[in-house]
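# Show me the folded form of this:
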Amino acid sequence: MGFSGLRILVLGGTGVISSGVVRRAVQAGHEVTVLNRGLNRAGAVHEPPEQARTLVADLRDEASVRAAVGAEEFDVVASFLAFVPEHVRQDLDIFAGRTGQYVFISSASAYQTPPARLPIVESTPLRNPFWQYSRDKIACEDLLVAEYRDKGLPITIVRPSHTYDATLVPFDGGWTVIERMRRGLPVVVPGDGTSLWTLTHTRDFARAFVGLLGDPRTLGQAFHITADHGIPWNELYTTLGRAAGVEPSLVHVPSDRIAALDPEMGAGLLGDKAHSMVFDNSLVRSIVPGWHATTPFVQGAREIVEWHDAEPSRRVVDARMDALFDRLVAEAGH
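Residues are numbered from 1 along each chain as shown. Next comes the predicted model:
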C-alpha cells in the first residue's frame with residue numbers, strides 16, 4: 001500500500017532518531033509538525049527541514065502542550081520523548097480520540113536480557129532486570145497494550161536498537177574514544193569483544209518507520225527496526241579507528257568490572273550491550289516490502305569522523321570518562 005499526505009505530529013523531532021524520521025516523512029510527502037521546547041543542542045544537523053512546522057511546548061507540561069496543539073487532529077502522533085508510564089498517560093489524555101495512530105518509541109533493550117535465543121523476534125519476552133530505562137519502557141508498553149485491548153486505542157509500538165547518525169559515536173565516552181585512538185592510547189572494549197552488536201543508521205530506521213505510518217495493519221502491533229546482522233565489538237572499534245586514520249589498541253575489560261567502577265555505564269552494558277543482539281526483521285518487511293538497512297558501518301564510521309572533524313567544537317573529550325578508561329587500562333596491566 002502507498003500512503004501519502006498524512007498529517008503527522010512528532011513529539012520531539014530533533015534527536016538522532018526522530019530527526020531522521022522527520023526528514024524522511026517530509027521527503028515522502030507527508031505534512032509534518034514537530035513539537036518540542038524549541039531548543040536544539042545537537043546543532044544544525046538536527047534542525048527540522050523548512051517544510052516541517054514547529055510548535056513550541058514543554059512536553060512535561062500538559063497545559064503547555066494543549067496550548068500549542070489547540071484543537072488540531074492528526075493522522076499520526078509519534079512520541080519519541082516518552083520514557084515512563086506517566087509520560088504516555090499524558091500523551092493519551094491529550095491525543096486519544098484525536099489521532100488515528102499513536103506510535104510509541106520503545107527500545108529493543110526491553111527484550112529478554114540476556115536473550116534465551118537468537119535472533120530476536122517481536123514475540124521475544126520483554127524482561128530486563130539490569131536496566132531501569134528498559135523496565136520503564138516495558139511498563140509504557142504494558143499500559144498501551146492494555147489500552148488497545150480494553151478500548152481499541154490505535155497504538156503501534158516501535159523498538160529501535162542502537163541507532164546512530166554522523167553526530168553520534170556509538171561507544172560509551174563518545175568522541176573521547178576516538179581521541180584516545182588518535183593519541184595512541186588504548187581504548188576499553190567491554191568483555192572479550194566477540195559478542196555481536198547491531199548498529200542501525202537513522203536513515204535506514206526512518207525509511208522503515210515512515211513506511212509503518214497510516215497502515216491499519218500496524219495497529220496493536222510491536223515492531224523492531226534494525227539492521228539485519230550483528231558485528232563483533234572488536235570490529236566496530238577497529239572500523240571506527242581506521243576511519244579516524246589509526247589502528248586502535250584494544251584492551252578488554254569484563255563488563256562487571258566496568259559496572260563496579262561506573263554503575264551508570266554498567267547498567268547499559270549489563271542490561272544491553274554485553275549480550276549478542278541479532279534481530280529478525282521479517283515483521284516490519286511484511287508491512288514495508290523490500291526494506292532492509294543499506295548503510296554499512298564502514299560508511300557510517302566515515303561519516304561520523306568527517307562530521308566531527310569538520311568542526312573542532314564537536315570533538316568533545318569527557319575528562320571523567322578519559323580518566324575511567326585510564327584506570328581500567330592500568331588495572332588490565334597495559
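# Would you state the strands of the stretch 201-334 of the chain in chain order?
Taking DSSP state E, counting those that start in this stretch as the criterion, the stretch 201-334 of the chain carries its strands at 222-225, 231-232, 250-253.
# any chance of those strands in CSV, plus distance to Ser161, mean pLDDT and mean neighbour count?
(Each C-beta comes from the backbone N, C-alpha and C, glycine too.) Compiled in CSV, the strands of the stretch 201-334 of the chain are given as follows (distance: least, CB to CB, whole Å; pLDDT from 0 to 100; neighbours: other CB atoms under 10 Å):
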stretch, distance to Ser161, mean pLDDT, mean neighbour count
strand 222-225, 7, 98, 24
strand 231-232, 12, 96, 16
strand 250-253, 23, 96, 18
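# Which among those strands is found nearest to Gln132?
Nearest of those to Gln132, taken as CB to CB: strand 222-225 at 20.5 Å.
# would you put the C-alpha positions of that closest one in CSV?
Written as CSV, here are the backbone C-alpha positions of strand 222-225 (Å, rounded to 0.1, in the frame of the first residue of the first chain):
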residue,chain,number,x,y,z
ALA,A,222,5.0,-4.0,18.0
PHE,A,223,7.9,-3.8,15.5
HIS,A,224,11.6,-3.5,15.9
ILE,A,225,13.6,-1.8,13.2
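# Any chance of the strands of the stretch 201-334 of the chain in a markdown table with distance to Val188 as columns?
Compiled in a markdown table, the strands of the stretch 201-334 of the chain are given as follows (distance: least, CB to CB, whole Å):
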| stretch | distance to Val188 |
| --- | --- |
| strand 222-225 | 28 |
| strand 231-232 | 16 |
| strand 250-253 | 5 |
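# which one of these lies closest to Gly20?
With CB to CB as the measure, strand 222-225 is the member of the strands of the stretch 201-334 of the chain nearest Gly20 (11.2 Å).
# Check which helices and strands the closest one is in contact with.
strand 155-160, helix 202-212, helix 282-287 (3 or more CB pairs under 8 Å, 6 or more residues apart in numbering; DSSP states H and E).
# ok, that strand: who's next to it in the sheet?
The strands beside strand 222-225 in its sheet (DSSP bridges) come out as strand 155-160 (parallel).
# Put the alpha carbons of the strand it pairs with into CSV.
These are the backbone C-alpha positions of strand 155-160, laid out as CSV (Å, rounded to 0.1, in the frame of the first residue of the first chain):
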residue,chain,number,x,y,z
ILE,A,155,-1.4,2.2,19.0
THR,A,156,1.7,1.0,17.3
ILE,A,157,5.0,0.2,19.3
VAL,A,158,8.4,0.6,17.6
ARG,A,159,11.5,-0.7,19.2
PRO,A,160,14.8,0.8,17.9
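# which other residues reach it?
Applying CB atoms under 8 Å, 6 or more residues apart in numbering, the external contacts of strand 155-160 come out as 17, 101-108, 110-111, 122, 141, 144-145, 147-148, 200, 205, 209, 212, 218-226.
# for that strand, the distance to its chain's centre please.
Centroid separation for strand 155-160 versus its chain: 12 Å, with CA atoms, centre = their mean, to the nearest Å.
# Tell me what angle that strand forms with helix 202-212.
Orientation check (axes from the mean of the first three to the mean of the last three CA atoms, to 10 degrees): strand 155-160 against helix 202-212 gives 160 degrees.
# and the residue nearest in space to the middle of the chain, which of the three is it?
Residue closest to the average C-alpha location in the chain (CA atoms, centre = their mean): Thr163, at 4.4 Å. Local secondary structure at Thr163 is given as strand here, using DSSP: H, G, I helix; E, B strand; the rest coil.
# so it makes contact with Ser18?
No: assessed by CB atoms under 8 Å, Thr163 is found out of contact with Ser18, at 10.2 Å.
# joint contacts of these two?
With contacts taken as CB under 8 Å, 6+ apart, not a single residue reaches both Thr163 and Ser18.
# contacts for the helix-or-strand element of the chain with minimal mean pLDDT?
Scoring the helices and strands of the chain by mean pLDDT, DSSP states H and E places helix 263-268 at the bottom, with a mean of 81. The list of residues contacting helix 263-268 from outside it, by CB under 8 Å, 6+ apart, reads Phe130, Trp131, Gln132, Tyr133, Asp172, Ser255, Asp256, Ile258, Ala259, Ala260, Leu324.
# Give me the subset of those residues that lies in helices.
Where the contacts of helix 263-268 overlap with helices, as defined by DSSP state H, the overlap consists of Gln132, Tyr133, Ser255, Asp256, Ile258, Ala259, Ala260, Leu324.
# Can you give me the end-to-end span of stretch 56-73?
From the first residue to the last, stretch 56-73 extends over 17 Å; the measure is CA to CA, to the nearest Å.
# Quick check: buried residues in that stretch?
Of all the residues in stretch 56-73, those buried under the rule 16 or more other CB atoms under 10 Å are Ala57, Leu59, Val65, Ala68, Val69.
# Show me which of those is closest to Arg285.
Minimum separation from Arg285 among the buried residues of stretch 56-73 (CB to CB) is found for Leu59, which lies at 31.8 Å.
# Name the SS class of that closest one, please.
coil.
# Verify the stated contact: it with Val77.
No: under the criterion of CB under 8 Å, Leu59 makes no contact with Val77, lying 11.9 Å away.
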